[in-house]
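Chemist: Let me see the structure of the following:
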Amino acid sequence: MKTIAYSLLVLGLLGLAGRNPSPVTGAPRDKENKAENKAKKPRGKFTIGKETTFVTGPVDKDGYIDYAAALNKHWRRGVTAASNANVLIWQALGPRPEGGRPMPAEFYRWLGTQPLPEVGPYFVDLFPFLKQEFNIKPQAANAFFQQQDKAQSRPWKAKDYPELASWLKANDKPLAVVALASRRPHYFSPLVPVKSKQGSSGLVGALLPGVQKTRSIAAALVARAMVRLGEGKPDAAWDDLLTCHRLGRLVGRGPTLIEGLVGLALNAIAVQAEQVYLDRGRPGAKKLQTCLEDLRKLPPLPSMAEKVGWGERFMFLDVVTQTDRHGIKYLEGLMAAADGSKPPQELADRILKDIDWDSALRNANRWYDRLAAALREKNRADREKKLDRIERELKALKQHLEDGGLAPLFERGKKTGKARGKVLGDLLISLLMPAVRKVQSAVDRVRQTEDNLFAAIALARYERANKRYPKDLRALVPKYLGQIPQDAFSGKALIYHPTNNGYLLYSVGVNGKDEGGRGYNDKPQGDDLSVRMPVPGK
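Modeler: I've put the predicted structure just below:
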């Protein structure tokens, strides 16, 4: 997380405190006054309403919006335990997906299920399995992870990697549960903040262990697809790849950008493996048609606009109210000054005393409205223009703060509450605004790789019928594709170069440069999104 805002705040507080001796930096107060100040926490003002808190409830006993509950209620609409894929996903993961504390009872109440038993047929990661079953030491684990990478990128047989085959066999039951989960229509994963004697951590502290663990499940699904392909079970292999696709679509529906990005990663993993399936599985014309229909039935990729407009917005608004509730010390858990300095506590408290948060909340909502609206633009060029404008304004805001925009924080009196609220809100905006351009670029990349996959299937169908690949993509229209496959990044047709026994098909990628089909894994590295047939590295 960026540290500019808090570092700026700390330096400003320390600097002004040093230049302007006052009761804050003067003689120590007596014990009675210290005890009184400790008991009295600064409490600001905020109005509950659409323009400020965005939602009007639920409200806790202290008068603050429970943003976690509000977000969970919004995302759970129309979802039951019987239709929620995440109920089954957790049955596959078990109560401690990452080995730490089990999820709190509140998490299961939101899911509408009972807490999971400690022991069950749960998914186990590769190294814990190797350690338990084969007594593999940590120093030897790297060799098996390299095997796992190979097992996900090419067909293989159980005799090639017997330990990996045993690992997949041990995970048969949880993977079967995940396959069932992937066919459910909804996905709801409650966000439950960590709670302690000091209070709630807020939405930014909500745990997402199940989301991160789905990456391991996707790796297992793809590895199993490749061993099934290597052992002559192409239909079973396709089922695993389709499960990976569906799982990615489901996880990506969560309210946070993290869930959206994990969902995209799972879809990208599936697409890469499906290219291997097309090449090495050599599905016939009928199977290719089935694959095409399966992929077309998948739900759309997740909308990042909805996550920004709800999940990310709620996190920001929650940070504001948590800061009001707990004081500047709450921000210390989110960020730290570069040199470890902290502002004098009395000065920090004075900033929050009688602060009026309404301008900060209204301003934040305007920023999130604009971000969400930009992400909803279907035309990429129009979307990029809006994001450019937002980024320029954010940069100017940060520069303004560095050039002395912090001064209102140090003014005294109730009449300065609005000014202090606005400046502190600007500081939080400069820190917490999500990097939506990078997130949307990830969406665009995955969407393009899927479009490339559709084109690859069309090319495979042409090759099966004509015993060769076409000389030009125009040959695919209209029998195999409705139009010549397009590159969203260039606005032109995909680049296609047939070879003696295959082809190179690619998009120029986010940077818009034609790099000859070179992607992230090539040397020198490029940004192109390519399909190569035959798939390299067999």
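Chemist: Could you list the low-pLDDT ranges of the stretch 51-200 of the chain?
Modeler: Residues of the stretch 51-200 of the chain that meet the criterion pLDDT under 70 lie in 198.
Chemist: again with the chain
Modeler: Checking the chain against pLDDT under 70 turns up 1-43, 198, 332-347, 413-414, 538.
Chemist: Do a quick rundown of the strands in it.
Modeler: Using DSSP state E, the strands of the chain run over 195-196, 199-200, 495-498, 503-507, 529-533.
Chemist: With distance to Ser189 and mean neighbour count added, can I get those in CSV?
Modeler: Where you see a C-beta, it was placed from the backbone N, CA and C, and this is true even at glycine. As requested, the strands of the chain are arranged in CSV below (distance: least, CB to CB, whole Å; neighbours: other CB atoms under 10 Å):
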stretch, distance to Ser189, mean neighbour count
strand 195-196, 18, 10
strand 199-200, 18, 17
strand 495-498, 39, 17
strand 503-507, 32, 23
strand 529-533, 29, 22
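Chemist: who wins for proximity to Asp403 among the ones you listed?
Modeler: Shortest distance between Asp403 and those, using CB to CB, is found for strand 199-200: 35.8 Å.
Chemist: For the closest residue in space to Gln448 that isn't next to it in sequence, list each beta-bridge partner.
Modeler: What sits nearest to Gln448 in space, not counting adjacent residues and going by CB to CB, 6 or more residues apart in numbering, is Ser507, at 5.0 Å. In this entry, Ser507 is beta-bridged to Leu529, by DSSP bridges.
Chemist: Tell me who's in contact with Ser507.
Modeler: Gln448, Asn452, Asp487, Ala488, Phe489, Ser490, Leu494, Ile495, Asp528, Leu529, Ser530 (CB atoms under 8 Å, 6 or more residues apart in numbering).
Chemist: middle-most residue in the protein, spatially?
Modeler: Taking CA atoms, centre = their mean as the criterion, Ile258 is the residue nearest the geometric centre of the chain, at 1.9 Å.
Chemist: count of residues packed around the spatially closest residue to it that is not a sequence neighbour?
Modeler: Closest residue to Ile258 apart from its sequence neighbours, by CB to CB, 6+ apart: Leu208 at 6.0 Å. Neighbourhood size, Leu208 [other CB atoms under 10 Å]: 16.
Chemist: Tell me if I'm right that Leu208 and Glu259 touch.
Modeler: Yes: between Leu208 and Glu259 there is a contact under CB atoms under 8 Å: 7.1 Å.
Chemist: shared neighbours of these two, anything?
Modeler: Counting by CB under 8 Å, 6+ apart, the residues touching both Leu208 and Glu259 are Ser189.
Chemist: now the angle from the biggest helix by length in the chain to strand 503-507?
Modeler: In the chain, assigned by DSSP state H, the helix with the most residues is helix 436-466. Relative orientation of helix 436-466 versus strand 503-507 (axes from the mean of the first three to the mean of the last three CA atoms, to 10 degrees): 150 degrees.
Chemist: Just the buried positions in helix 436-466, please.
Modeler: 436-437, 439-446, 448-453, 455-463 (16 or more other CB atoms under 10 Å).
Chemist: returning to what we had before: which residues does the residue nearest to Ile258 contact?
Modeler: When contacts are counted by CB under 8 Å, 6+ apart, Leu208 touches Ser189, Leu191, Thr256, Ile258, Glu259.
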